[in-house]
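1. Can you look at this prediction? I've put the sequence above it.
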Amino acid sequence: MKTGVIIFSILMLTVYSFKSVSQITDPNYQSAALYGTASFYGDDFHGRQTASGQRFNMDLMTAACNVLPIGTMVIVINTRNDKFIVVRINDRLSKSNRRILDLSMEAARKLDFIKQGLAQVRIEILSMGNGRR
């Protein structure tokens, strides 16, 4: 299963990205990126229905976001350590949440901010979703 996620992430980076990975991870690269604070959610929400209609799985590479349409594929870069991942937006944040993303626990683990709980991130859009399930 994890091999499939890795292969999918590599394909998304290769096929959908018009930017090179070196551009995206270069702090001097100027783009229409989104910046903000990310957190993660896991056990308490595992198995609950998301805004996309899918069941939340804390072991998949997904995120909740209020500013991007459901189905949008994004690269998320932890600005502290330059680690990056590809996730699909499949849920919404609560209206009171001021963060830009809530990532699945697996996504937060790969970005290496489980202990901190929060991370400053840069988001690059790979493909826009249509907002539908």
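-> Sure thing, it's come through.
2. The residue nearest the centre of the chain: what secondary structure?
-> The centre of the chain sits closest to Val87, judged by Cα atoms, centre = their mean, with a distance of 4.0 Å. With DSSP: H, G, I helix; E, B strand; the rest coil as the basis, Val87 sits in strand.
3. what about this protein, any weak spots by pLDDT?
-> Along the chain, the parts satisfying pLDDT under 70 run over 1-31, 132-133.
4. Tell me where it has strands.
-> In the chain, strands defined by DSSP state E lie at 34-41, 62-64, 73-78, 84-91, 101-104, 119-127, listed in chain order.
5. Out of the ones you listed, which gets nearest to Ala51?
-> Across these, Ala51 has its closest neighbour in strand 84-91 (4.9 Å, Cβ to Cβ). From N, CA and C alone the C-beta is placed, and that goes for glycine too.
6. What's the local residue count around Asn57?
-> Using other Cβ atoms under 10 Å, Asn57 has 16 other residues around it.
7. hey, where'd the helices end up in this structure?
-> Ranges of helices in the chain, per DSSP state H, are 2-15, 21-25, 105-111.
8. Show the contacting residues for the nearest residue to Val121 once chain neighbours are set aside.
-> Nearest non-adjacent residue to Val121, counting by Cβ to Cβ, 6 or more residues apart in numbering: Ala38, 4.5 Å away. By Cβ atoms under 8 Å, 6 or more residues apart in numbering, the residues touching Ala38 are 63, 76, 99-103, 108, 111, 113, 118-121.
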